[in-house]
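>>> I'll drop the sequence and a predicted model, then ask my questions.
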Amino acid sequence: MSQTENTSLWREVYAKGVQAAAESLGQAETIELTERYGTHNYHPLPVTIVRGEGPYVEDVSGKIYIDCVGSYSAMAHGHLSKFVVGAAQRQLERLTLTSRAVFTRELALFLQAVCEYTGADMACPMNTGAEAVETAIKLARKWAYTVKGVPSDAAEIIVAAGNFHGRTTTIVGFSSEETYRTGFGPFTPGFTIVPFGDLAALEAAITSNTAAVLLEPIQAEAGILLPPDGFLAATRKVCTAANVLLIWDEIQTGFARTGKRFAWMHEDAAPDMICLGKALGGGLAAVSAVAGRREVMEVFKSGDHGSTFGGNPLAAVIGVAAMAELEVLNLAENSRVMGDRLIEGFRCLQDPAIFEVRGRGLLVGLEVKPGTDIARLTKAFLAEGVLTKETRHRTFRFAPPLTIGPAVVDDILNRVHHALETLPNMGA
C-alpha cells in the first residue's frame, strides 16, 4: 500500500463539501469506485440511491422505489423522520461525543427510556447489534460464574440452528451457516446448537453449566421463520425451572416491527436480557443496547466492558426520539394492521410461483418455489420499483417502514403481482 501524492480529492471535498463531491458521481462511477476500493463482502442490487423520504427512495436516475429492504428492519420510522432528524440536528449543535469518562444528561435519559420501553431494570449502551449480542454473552458468562456458580471457563450458551446474531468471530462460530463460518476459525467454544423451535431438544441440551439460552423469537435472516405457537412461553418456563438466563435477540424483530413492542410479547415470554439495535437508531445512526434484570446486569464492574462511542449524546438523543415516535404514533398497532393486510394480500395473489407467505406485523417473507429464476425475479422487482432482497432459501423479505398506510401496502401488492407475472408459468 503506497501513499498517493494526489491531493485533488481532499481539495475538492474541502472546497465544495462532501455532499457536492458525492453528487458529482454517476451510477457507473459509483459502482466502479465501490468495487475498486471496497472489500467485496456485499453484493448490492445494481441501484445507486441518492435520497429517501418516508417509505420511498430515489436512485441517481430519478427512479422512485418503495423501500422494502428497510436496512433489515432498521428503517422502522421511514427515511428522514422529521421528529428524529430534528432531535439529531439540535443535538449536533450542542454535544456529540464525550466517551463514558463523564456523565451526560442525554445518556441518563436514554437509559431511563430504554428501561421503561423494555420493562428492564438496567441497560448497557453500545453501537451495533453484534456488539449488543457480544455484550449479552459476556454478561451471561459472568453471571454464570459469579451468581449461578458455574466452574470457571465452563459456561455454556444454547443457540438455535439457522440463527443470525451478527458477524463477529465469536458469533459466526456458533452459526450453522457454513458460508458465515468458512475461513474464519478457530472459533470460541461454549455454544450448543439445537433446532429452532424444538422445545424438547432445547430442554435436553441444558446442563448444570448452562448459562443462557440465546434465541431470536422470529428468525428474520433465515427467511422469516416463526417457531410453533407456545414455544416462546414454554422456553421461558424451561429457563426459569433450570435457573438459566433467557436472552431474546430482538435486533431485527423489536421496536414494533411485529405488531407489538417486541416479538416475545406475543406470548408470556419475558426475557432476562434483551438485545436491541437497528430501529433504535431511528434510521439515522448505529444505536444498540442490552437491557435486563438488575441481578444480571450488575455483574459488570468498572473496566469489565466498554465502548468509546456507546451511549454518546447524539446516539442517546436519537434513540430516545426513535422510541418516543414509535409510542406516540402507536406504530406497533399500525404494524399489526398493515402487516395483516400485506400478508393476506400476498396470499390472495395465488401466483403459481409463490410457495409460502410467512410473517408477523411488517416483517414478511415471500418464499418462491424451487426452480424459480431468482435473478430474473429480483430484476423484475427493481423494474416495478420495489427494493427487496432474497434472504436464505428463496425468500424475499418485506420490511417497509411502520408508518405506511393502506395505499402503500396495496401499491406493494400491485407491483409484486406485476413482477411475478414476468416469470415463466410454473403451473399450479
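Now that the structure is in, tell me what you want to look at.

>>> So what sits opposite Ala212 in the bridge?
Counting by DSSP bridges, Ala212 is bridged to Ile157, Leu245.

>>> give the contact list for it.
By Cβ atoms under 8 Å, 6 or more residues apart in numbering, the contact set of Ala212 is Ala136, Ala140, Ala144, Ile157, Ile158, Val244, Leu245, Leu246, Ile247, Asp272, Met273. Placement of C-beta: from N, CA and C, glycine included.

>>> Please enumerate the helices of the stretch 301-428 of the chain.
For the stretch 301-428 of the chain, applying DSSP state H, counting those that start in this stretch gives helices covering 313-328, 331-349, 374-383, 406-421.

>>> Assumed Val102 was part of a helix.
No - using DSSP: H, G, I helix; E, B strand; the rest coil, the assignment for Val102 is coil, not a helix.

>>> Could you report the separation of it from Ala136?
26 Å (Cβ to Cβ, to the nearest Å).

>>> So which of those two has more stuff around it?
In terms of neighbours (other Cβ atoms under 10 Å), Ala136 is the more surrounded of Val102 and Ala136; the figures are 29 against 7.

>>> name the element the more buried one belongs to?
helix 129-143 (DSSP states H and E).

>>> In PDB, could you pull the C-alpha coordinates for that helix?
Extracted in PDB, the C-alpha atoms of helix 129-143 (Å, rounded to 0.1, in the frame of the first residue of the first chain):
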ATOM      1  CA  GLY A 129     -26.400  -5.200  17.000                       C
ATOM      2  CA  ALA A 130     -23.400  -7.500  17.000                       C
ATOM      3  CA  GLU A 131     -21.900  -5.500  19.900                       C
ATOM      4  CA  ALA A 132     -25.200  -5.900  21.800                       C
ATOM      5  CA  VAL A 133     -25.000  -9.700  21.300                       C
ATOM      6  CA  GLU A 134     -21.400  -9.800  22.400                       C
ATOM      7  CA  THR A 135     -22.300  -7.800  25.500                       C
ATOM      8  CA  ALA A 136     -25.100 -10.200  26.400                       C
ATOM      9  CA  ILE A 137     -22.700 -13.100  26.000                       C
ATOM     10  CA  LYS A 138     -20.200 -11.500  28.400                       C
ATOM     11  CA  LEU A 139     -22.900 -10.700  30.900                       C
ATOM     12  CA  ALA A 140     -24.400 -14.200  30.800                       C
ATOM     13  CA  ARG A 141     -21.000 -15.800  31.300                       C
ATOM     14  CA  LYS A 142     -20.000 -13.600  34.200                       C
ATOM     15  CA  TRP A 143     -23.500 -14.100  35.800                       C
END
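
>>> any idea what sits nearest Arg415, other than its immediate chain neighbours?
Glu384 (4.0 Å; Cβ to Cβ, 6 or more residues apart in numbering).

>>> host element of Cys115?
Using DSSP H and E, Cys115 falls in helix 105-118.

>>> And for Ile274?
Per DSSP H and E, Ile274 falls inside strand 273-276.

>>> Does that strand pack against any helices or strands, and if so which?
On a contact count with 3 or more Cβ pairs under 8 Å, 6 or more residues apart in numbering; DSSP states H and E, strand 273-276 meets helix 105-118, helix 129-143, strand 245-249, strand 288-292.

>>> picking that back up, for the contacts of Ala212, which one is nearest Tyr37?
Ranked by distance to Tyr37 (Cβ to Cβ), those are led by Ala136 at 34.2 Å.

>>> these two touch, right, that closest one and Asp272?
No - in this structure, Ala136 is not within contact of Asp272 by Cβ atoms under 8 Å, at 9.6 Å.

>>> who touches both of those two?
By Cβ under 8 Å, 6+ apart, Ala136 and Asp272 have these common neighbours: Ala212, Ile247, Gly292.

>>> Nearest to Glu421 among those?
Nearest to Glu421 among the shared contacts of Ala136 and Asp272, with distances taken as Cβ to Cβ, is Ile247, at 43.7 Å.

>>> Need the pLDDT of the closest residue to Thr308 other than its chain neighbours.
Excluding its sequence neighbours, the residue lying closest to Thr308 (Cβ to Cβ, 6+ apart) is Ser99, at 5.4 Å. You'll see Ser99 listed with a pLDDT of 94.

>>> if I look at Ser99, how far off is Ser175?
The gap separating Ser99 from Ser175 is 32 Å, by Cβ to Cβ.

>>> How about Gly119?
29 Å.

>>> More neighbours: these two, which one.
Ser175 (23 against 14).

>>> for Asp272, what are its contacts?
Asp272 touches Ala212, Cys239, Leu245, Leu246, Ile247, Gly292, Arg293, Val296, counting by Cβ under 8 Å, 6+ apart.

>>> Same question for Val85.
Leu284.

>>> now it: how far from Ala113?
18 Å.

>>> pretty sure the residue nearest to Thr308 is touching Gly310, no?
No - counting by Cβ under 8 Å, Ser99 does not reach Gly310; the two are 9.1 Å apart.

>>> higher neighbour count, those two?
Using other Cβ under 10 Å, the more surrounded residue of Ser99 and Gly310 is Gly310, with 24 against 13.

>>> got the contact list for the residue nearest in space to the middle of the chain?
The residue lying closest to the centre of the chain (Cα atoms, centre = their mean) is Gln252, at 3.2 Å. The neighbourhood of Gln252, defined by Cβ under 8 Å, 6+ apart, consists of Tyr72, Ser73, Gly129, Glu216, Ala220, Glu221, Lys278, Leu363.

>>> Many thanks, we can stop here.
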